[in-house]
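Chemist: what follows is a predicted protein model with its sequence.
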Number of protein chains: 2
Amino acid sequence: MAQTEAVNDSALREEALGVFEAIPQKMTAIKQTEENPDGVPLTAEKIELGKLLFFDPRMSSSQLISCQTCHNVGMGGTDALPTSIGHGWQKGPRNSPTMLNAIFNAAQFWDGRAGDLAEQAKGPVQAGVEMSNTPEVVVQTLNSMPEYVDAFKAAFPGEADPVTFDNFAAAIEQFEATLITPNSAFDRYLAGDDAAMDDQEKRGLQAFIETGCTACHYGVNFGGQDYHPFGLIAKPGAEVLPAGDKGRYEISQTADDEYVFRAAPLRNVALTAPYFHSGVVWDLAEAVKIMSSAQIGTELTDQQAEDITAFLGALTGEQPIIDHPILPMRTDTTPLPAPM
Amino acid sequence: MAQTEAVNDSALREEALGVFEAIPQKMTAIKQTEENPDGVPLTAEKIELGKLLFFDPRMSSSQLISCQTCHNVGMGGTDALPTSIGHGWQKGPRNSPTMLNAIFNAAQFWDGRAGDLAEQAKGPVQAGVEMSNTPEVVVQTLNSMPEYVDAFKAAFPGEADPVTFDNFAAAIEQFEATLITPNSAFDRYLAGDDAAMDDQEKRGLQAFIETGCTACHYGVNFGGQDYHPFGLIAKPGAEVLPAGDKGRYEISQTADDEYVFRAAPLRNVALTAPYFHSGVVWDLAEAVKIMSSAQIGTELTDQQAEDITAFLGALTGEQPIIDHPILPMRTDTTPLPAPM
């Protein structure tokens, strides 16, 4: 290690506290706003239902693919593939982002086209290259299994017809809101434990702040709050930034949005290779260098890139331990897997 | 319900005890023999390692498919598809049998070609239509992740080079040996609880014994012990028994083995539709009728078929609750997913 300069922990912590926030220990509500400071409370019944739905491959038309297929709770919330493989072994257009801590993002998907996790959850179920199903068949499937009907009734009490696609999505959102990763080394450092990060990680944090990474990667999730052109200063090569995927432009059809993507949230980033929406970079230090030259026009030294990479490793939190649910039993009226 | 004749529980239980055995509460060893009555002890380290391997999609060349894909712990140990979908969305030739209680089978696969679960575990990993990997790449992948290397060292202490394909299979076998489903209604009835089964289930048990189902479906697993021609008395139609799949004949090339399959174990059978090696029958009562006419030449009445089906539902035991494991983190030397 080249540098041996002692780190001033209290100064560094103060700087960090001005930019970042720790992951909370537990989520009890979501969607707090000024008008509704209590937000929407999480309930055990909605979370449990959402967990069933998240793990149930019968939500896809093939009955093989579930949310968990591409957002594996055991693999940092991703499938660790360049781009996801879905229905009929089709390749999706983008790398599967993690659902861990996704509740802290301002919006969902690489282009932020879903305002929240409930809206997001409706996407892959219907996407032809992912689960290739329809809301009608999902609701029919759910209604065919008394255990699901009971779970919806318990989760949405007082509703005359609780088995709806909206409630399906709302339950998944509640389950996903529990998938947070507190107590990373960085969060423990932020809370006052000088020994939680080593010197290299601290140098990395300092470099992360000083070189300007924090312009996009800030807050509780180190990103996920706003949108920026990939290649603000210098466009990366076409293998990293394929010409065919124009990011938010696909939604807005506005020239300003060409190659604009959400600033990637960096929590647990050491677990979520490969990187970028294109999923072509497997090495985190390489990804750090690409971002630095593309977004802030800085050529990092190898030492700086290694320090920042070490620091990013300190963002790996405690992974949620999830009992695999025992799924409701099909009945005679459950739709069969789509023939293929 | 037509029949109202009172069941003599003690007589029925005595008959059942002569043919069946309850699932044990817990497994502590496997492969007990006369020469080695203690068998091979299960160890926490091997079970934990086996669980990682069972859930790890990086054991397949696509890095998308794991054992869990086709043997879902939340779905009775199956994928609930007619035949399994594997690498490149290829369809496998046969319905995926459950691994729950599979430790109690005399041999594995529909044709019994694997002598035990360790030998079985080596099959799908290498099958081109399933995980399409090689032992060399599996071992290379495992060696690339320090967490796996440590887990193998802990599971196989004293071995100079514990990361082997044999140990991979042995660890999966140990994990699978824990996947048992005790305390079904039937097992509680067998243990003396008259109220554990209702009258229809008891009539079903009686019919199951009287019509001769027990000739093949006996023991702790209600099957899985020996081989019989499918269509012993009358061949079922070609959609149930496709001409192209000749069962054990494919292994032995012996005419006697044409269309010979393992007597399917019936524990949790209510959870494992669709039925038969061809996976074309979704309704359990229909499967019961087909078996009865094909194997014992008896046309069951609807009432008998319903009773037997109700009884088979009493074979659903407590499903194992498994924490989804947090999988080891890949490194720079971990092989990439095979390009496709």
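Modeler: Cool, got the structure. Numbering: from 1, shown residues only, chains lettered A, B, ... in the order given.

Chemist: what about whatever residue of the stretch 51-200 of chain A ends up closest to chain B, neighbour count?
Modeler: In the stretch 51-200 of chain A, the residue that lies nearest chain B is residue A:89 (3.7 Å; CB to the nearest CB). Placement of C-beta: from N, CA and C, glycine included. A count of nearby residues for residue A:89, using other CB atoms under 10 Å in any protein chain shown, gives 16.

Chemist: again with residue A:42
Modeler: Neighbour tally, residue A:42, other CB under 10 Å: 20.

Chemist: my guess is it contacts residue A:32. True?
Modeler: No: using CB atoms under 8 Å, residue A:42 makes no contact with residue A:32, being 11.9 Å away.

Chemist: joint contacts of these two?
Modeler: With contacts defined as CB atoms under 8 Å, 6 or more residues apart in numbering or on different chains, no residue is shared by residue A:42 and residue A:32.

Chemist: need the strands for the stretch 151-300 of chain A, in chain order.
Modeler: Counting by DSSP state E, counting those that start in this stretch, residue ranges of the strands within the stretch 151-300 of chain A are A:227-229, A:260-262.

Chemist: out of those, nearest to chain B?
Modeler: For chain B, the closest of those is strand A:260-262, at 22.9 Å, according to CB to the nearest CB.

Chemist: just checking, what packs against the closest one?
Modeler: Packing contacts for strand A:260-262, counted by 3 or more CB pairs under 8 Å, 6 or more residues apart in numbering or on different chains; DSSP states H and E, involve strand A:227-229.

Chemist: which residues does residue A:16 contact?
Modeler: By CB under 8 Å, 6+ apart, the contact list for residue A:16 reads A:189-190, A:205, A:209.

Chemist: most neighbours among these, which one?
Modeler: residue A:205 (28 neighbours).

Chemist: distance from the centroid: which residue in chain A tops it?
Modeler: Among residues of chain A, the one most distant from the C-alpha centroid is residue A:332; the distance is 36.6 Å, by CA atoms, centre = their mean.

Chemist: let's verify the closest residue to residue A:77 other than its chain neighbours: helix, strand, or coil?
Modeler: Counting by CB to CB, 6 or more residues apart in numbering or on different chains, residue A:77 lies nearest to residue A:98, which is 3.3 Å off, once chain neighbours are set aside. Secondary structure state of residue A:98, per DSSP: H, G, I helix; E, B strand; the rest coil, is coil.

Chemist: close enough to count as contact, residue A:98 and residue A:79?
Modeler: No: assessed by CB under 8 Å, residue A:98 is found out of contact with residue A:79, at 10.0 Å.

Chemist: overlap in contacts of these two?
Modeler: residue A:71.

Chemist: can you pull the residues of chain A lying near chain B?
Modeler: Residues of chain A lying near chain B by CB under 8 Å from any CB of the partner chain: A:55-58, A:62-64, A:69, A:72-75, A:79-82, A:85, A:88-89, A:270-271, A:273, A:282-283, A:319, A:321-327, A:329-330, A:332, A:336-337, A:340.

Chemist: run a quick neighbour tally on residue A:70.
Modeler: What residue A:70 shows, counting by other CB under 10 Å, is a neighbour count of 25.

Chemist: contact partners for it?
Modeler: Residue A:70 neighbours (CB under 8 Å, 6+ apart): A:78-79, A:84, A:86, A:96, A:124, A:130.

Chemist: quick check: closest non-adjacent residue to the residue of the stretch 51-200 of chain A closest to chain B.
Modeler: Excluding the flanking residues, the one nearest residue A:89 by CB to CB, 6+ apart is residue B:89, at 3.7 Å.

Chemist: sorry, back to before: so the residue of the stretch 51-200 of chain A closest to chain B touches residue B:86, yeah?
Modeler: No: the pair residue A:89 and residue B:86 does not pass the contact test of CB under 8 Å, sitting 9.9 Å apart.

Chemist: any low-confidence regions in chain A?
Modeler: Scanning chain A for pLDDT under 70 picks out A:1-5, A:340.

Chemist: per the record, what domains does it have?
Modeler: Per the TED database, the structural domains of chain A span A:9-25+A:182-315, A:42-178.

Chemist: nearest to residue B:301, out of these?
Modeler: Among these, domain A:42-178 comes nearest to residue B:301, with 27.2 Å by CB to CB.

Chemist: residue of the stretch 151-300 of chain A closest to chain B, please.
Modeler: residue A:271 (5.9 Å).

Chemist: output stretch A:179-192 as PDB, nothing but the C-alphas.
Modeler: Only the C-alpha atoms of stretch A:179-192 are listed here, as PDB (Å, rounded to 0.1, in the frame of the first residue of the first chain):
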ATOM      1  CA  LEU A 179     -35.200  -6.600   1.400                       C
ATOM      2  CA  ILE A 180     -32.700  -4.100   2.800                       C
ATOM      3  CA  THR A 181     -29.100  -4.700   3.800                       C
ATOM      4  CA  PRO A 182     -28.200  -2.800   7.000                       C
ATOM      5  CA  ASN A 183     -24.900  -2.800   9.000                       C
ATOM      6  CA  SER A 184     -22.400  -2.600   6.100                       C
ATOM      7  CA  ALA A 185     -18.900  -1.700   7.200                       C
ATOM      8  CA  PHE A 186     -19.500   1.800   5.800                       C
ATOM      9  CA  ASP A 187     -22.700   2.200   7.800                       C
ATOM     10  CA  ARG A 188     -21.000   1.100  11.000                       C
ATOM     11  CA  TYR A 189     -18.200   3.600  10.200                       C
ATOM     12  CA  LEU A 190     -20.800   6.300   9.600                       C
ATOM     13  CA  ALA A 191     -22.300   5.400  13.000                       C
ATOM     14  CA  GLY A 192     -19.000   6.100  14.700                       C
END
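
Chemist: and residue A:329, how many neighbours?
Modeler: Count around residue A:329 with other CB under 10 Å applied: 18.

Chemist: for it, give me its contacts.
Modeler: By CB under 8 Å, 6+ apart, residue A:329 lies in contact with A:145, A:147, B:270-271.

Chemist: let's see that with 6 Å instead.
Modeler: residue B:271 (CB atoms under 6 Å, 6 or more residues apart in numbering or on different chains).

Chemist: roughly how far does it sit from residue B:265?
Modeler: Distance of residue A:329 to residue B:265, given as CB to CB, to the nearest Å: 18 Å.

Chemist: can you check residue A:82 too?
Modeler: For residue A:82, the distance to residue B:265 (CB to CB) stands at 40 Å.

Chemist: now residue A:322
Modeler: From residue A:322 to residue B:265 the distance is 29 Å (CB to CB).
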